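[1] I need the structure of the sequence given here:
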Amino acid sequence: MAKQIVVPKGAPAPIGPYSPGVWAGDLFFVSGQTPIDPATGAIVAGTVADQARQSIANVRTILEAAGLGLDHVVKATLFIKDMNDFATINEVYAAHFAKPYPARSCVEVARLPRDVLVEIEVVASRS
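    Numbering: from 1, shown residues only. Here you go, the predicted model:
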């Protein structure tokens with residue numbers, strides 16, 4: 001199966017050796033997105049809610065470059081610095097995703113790139 005790489009304008013530049021988005025058949029994989037402001041390359045200052053909103057915005061930008069939207073997401077994985085922030089992040093997440101919700105995992109991690117508070121990756125389907 002051939003892969004098709006998507007590197008959209010308006011999304012943060014990768015901070016490592018990976019592609020922002022990859023088509024594999026009818027599935028589209030979005031690499032973990034952190035709260036990087038694509039205009040400045042800086043981490044969004046503020047609360048965990050602010051960081052979650054920016055991470056989702058970055059995911060949306062990559063999905064849109066592939067002709068998809070958040071409603072195409074079938075699986076999301078959230079990596080968070082502190083499980084005490086779960087309720088806040090969940091509130092932001094719920095404001096961006098609609099029923100029927102995608103499958104989801106949420107994992108507390110010891111550390112994330114550039115010491116951000118949240119990172120979000122998704123898998124979307126063309127159908």
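
[2] going forward, measure contacts and count neighbours with C-alpha atoms only.
    Noted.

[3] how many other residues sit next to residue 115?
    11 (other Cα atoms under 10 Å).

[4] tell me the contacts of the nearest residue to residue 74 once chain neighbours are set aside?
    Nearest residue to residue 74, sequence neighbours excluded (Cα to Cα, 6 or more residues apart in numbering): residue 102, at 4.5 Å. Counting by Cα atoms under 8 Å, 6 or more residues apart in numbering, residue 102 touches 73-76.

[5] for this structure, what's the longest helix?
    helix 48-65 (DSSP state H).

[6] what mean pLDDT would you report for that one?
    Mean pLDDT, computed over helix 48-65, is 98.

[7] buried stuff in it?
    48-63, 65 (16 or more other Cα atoms under 10 Å).

[8] distance-wise, check the residue lying closest to residue 20 once chain neighbours are set aside relative to residue 101.
    Here the nearest residue to residue 20 in space, its sequence neighbours aside, is residue 31; by Cα to Cα, 6+ apart that works out to 5.2 Å. Residue 31 sits 20 Å away from residue 101, going by Cα to Cα, to the nearest Å.

[9] between those two, tell me which one has more neighbours.
    residue 31 (19 against 14).

[10] can you name the helix or strand that the more buried one falls in?
    Element membership of residue 31 [criterion: DSSP states H and E] is strand 27-33.

[11] and residue 124, by the same measure?
    Here residue 124, judged by DSSP H and E, is contained in strand 118-125.

[12] for stretch 78-98, measure first residue to last.
    17 Å.

[13] now do it: everything it contacts.
    48-49, 52-53, 56, 70-71, 104-112, 116-121.

[14] buried only: go through those for me.
    Looks like the contacts of stretch 78-98 have 48-49, 52-53, 56, 70-71, 108, 116-121 buried, using 16+ other Cα under 10 Å.

[15] report pLDDT for residue 3.
    91.
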